[in-house]
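Participant: Could you look at this predicted model? Sequence included:
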Amino acid sequence: MTMLPLVKVRMPPKETLLPALEQVLYSGMIAEGESVYRFESEFGDWLGHRNVLAFSSGTGALHVALLSCGVQPGDHVITTAMTAEPTNTTILQMGAIPVFADVDRENGNLCPDSVESLINERTRAICVVHYAGYVADLGRLRAIADAHGVALIEDCAHALGATWHGAPIGSIGDAAIFSFQAIKHMTTVDGGMLVVKDAAKMDEARRLRWFGLRKGVPRTEVDISRVGFKYNMNNVTATIGIQQLTGLDEAIARHIDNGRFFDRAFQDVAGIEPARVNSAAQSSYWLYTLLCDESESVERRLADIGVTASKLHRPNHLHSVFAPFRRNLPQLEDFYRRLIHIPCGWWVSETDRQRIVHAIKAG
């Protein structure tokens, strides 16, 4: 039996992707160049935000986002443990301190009340993850950040195509990142995009992604004034990104259509409830999040019909590396206990989603 996967790589049609790759591979310029800059321009047009920079990974983009917001060793960054580990290992990498806030038990996103209670004189930033594509309460988090004079950073790795009051996710924070890792809404094999609110920070961000050097200046004349990193995207992965933008809206629309279908289908099932979607937001449903009293039973029931379901992530504070920063997170514990993710992406057909609903209701 072939299993319906929880996540799946989406690639453009061979007839358009392969000629584009062949052209760049034999162009003599496969490192950062015009393809990268074209991808940035076209992604910026798609997002509706011009201050974007392509990176070799979303993790590298997050590192520079934190730096661009002034995070230094010893600073506190209020964050969530309900995320993929790179969100928080990046904070540790910088010598900053991850301060784990509790989450909303109805969708796994940062709880604004918990965030506000943890702000102190050492707090430099709030890092909000739009978990599984469900948008966090950006209205309250933006207000809290502004009231306390700290930066708001959006980790949009799961949330490409989501919106807040009609504005694209990634445009509300002082900085934001997207991930183009293999299994996201779109992929460049690996890669990421940084968005910065203040255009004046773009030049420094460009230099930070490439050793601290300024592109376009002869290497014999350039001066490094701040240590940078090897985070730049290359022309090959950027070419995949350019091709991925064609068809992206349709793919995200399929995620959303399947997600809304499940929202309706599970609305009145005893012992089961859909994760809550903020009324001001449109989720992009990277994964469909279902909350149920018997999550392990649901996982087994779906496996019986050839559908993969999983909790996917482990709350970060349970890892040994984060042991010094652990705190009591009762709402996260409740969310994680009840959580089960089911497939809802572009590869899930109407027949697939009907049999998922039937199996869960029957079980």
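Facilitator: Arrived safely. Not measured: the values here are computed from a predicted model.

Participant: Now the helix or strand H255 falls within: buried residues?
Facilitator: Following DSSP states H and E, one finds H255 within helix 248-265. For helix 248-265, burial by neighbour count (16 or more other C-beta atoms under 10 Å) applies to 248, 251-252, 254-256, 258-263, 265. Heads up, the C-betas are built off the backbone N, CA and C, glycines and all.

Participant: For the following helix or strand past it, which helices and strands make contact with it?
Facilitator: As assigned by DSSP H and E, the chain's next helix or strand after helix 248-265 is strand 272-274. Packed against strand 272-274 by the contact rule (3 or more C-beta pairs under 8 Å, 6 or more residues apart in numbering; DSSP states H and E) you find strand 288-292.

Participant: buried set for the helix or strand following the strand it packs on?
Facilitator: On the C-terminal side of strand 288-292, the closest following helix or strand by DSSP H and E is helix 295-304. For helix 295-304, burial by neighbour count (16+ other C-beta under 10 Å) applies to 295, 298-299, 301-302.

Participant: Just after helix 295-304, pick out the following helix or strand.
Facilitator: Taking DSSP H and E, what comes next after helix 295-304 is helix 330-338.

Participant: Using CSV, write out every CA atom in the helix or strand following that following helix.
Facilitator: Next along the chain after helix 330-338, taking DSSP H and E as the criterion, comes strand 339-342. Extracted C-alpha coordinates of strand 339-342, given in CSV (Å, rounded to 0.1, in the frame of the first residue of the first chain):
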residue,chain,number,x,y,z
LEU,A,339,-2.1,17.4,18.5
ILE,A,340,-2.2,15.3,15.3
HIS,A,341,-1.2,16.6,11.9
ILE,A,342,-2.9,15.2,8.8
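
Participant: Need the contact partners of stretch 351-360.
Facilitator: 4, 258, 261-262, 265-266, 269, 272, 290, 298, 301-302, 304-305, 307, 342-344, 348 (C-beta atoms under 8 Å, 6 or more residues apart in numbering).

Participant: let me redo that: stretch 77-88
Facilitator: 58-59, 62, 66, 71, 91, 96-101, 103, 108-110, 115, 118-119, 123-129, 131, 155, 157, 313, 315-319, 322, 329, 332, 335-336.

Participant: which ones among those are found in helices?
Facilitator: 58-59, 62, 66, 91, 115, 118, 332, 335-336 (DSSP state H).

Participant: ok, back up a step: against which helices or strands is the helix holding H255 packed?
Facilitator: Checking 3+ C-beta pairs under 8 Å, 6+ apart, helix 248-265 ends up next to strand 288-292, helix 350-362.

Participant: Any buried residues in the last one, and which?
Facilitator: Buried residues in helix 350-362, defined by neighbour count with 16+ other C-beta under 10 Å: 352-353, 355-357, 359-360.

Participant: Give me the pLDDT for G70.
Facilitator: Note on G70: pLDDT of 97.

Participant: Setting aside sequence neighbours, what's the nearest residue to it?
Facilitator: R124 (6.0 Å; C-beta to C-beta, 6 or more residues apart in numbering).

Participant: Then T89?
Facilitator: That would be V321: by C-beta to C-beta, 6+ apart, it lies 7.2 Å from T89.

Participant: Over to D198?
Facilitator: Nearest to D198 is D174, by C-beta to C-beta, 6+ apart, at 7.3 Å.

Participant: what's the spacing between that neighbour and L66?
Facilitator: Computed as C-beta to C-beta, to the nearest Å, the D174 to L66 distance reads 11 Å.

Participant: Now list whatever residues contact both of those two.
Facilitator: With C-beta under 8 Å, 6+ apart as the test, D174 and L66 both reach I153.

Participant: so the residue nearest to G70 makes contact with S68?
Facilitator: No - contact criterion C-beta atoms under 8 Å: R124 and S68 do not qualify, at 11.7 Å.

Participant: now the end-to-end length of stretch 93-103.
Facilitator: End-to-end distance for stretch 93-103: 24 Å, by C-alpha to C-alpha, to the nearest Å.

Participant: Now do that stretch: everything it contacts.
Facilitator: Counting by C-beta under 8 Å, 6+ apart, 63, 66-67, 71-82, 88, 91-92, 109-111, 114-115, 118, 122-124, 131, 316-317, 322, 325-327, 329-332, 335 sit against stretch 93-103.
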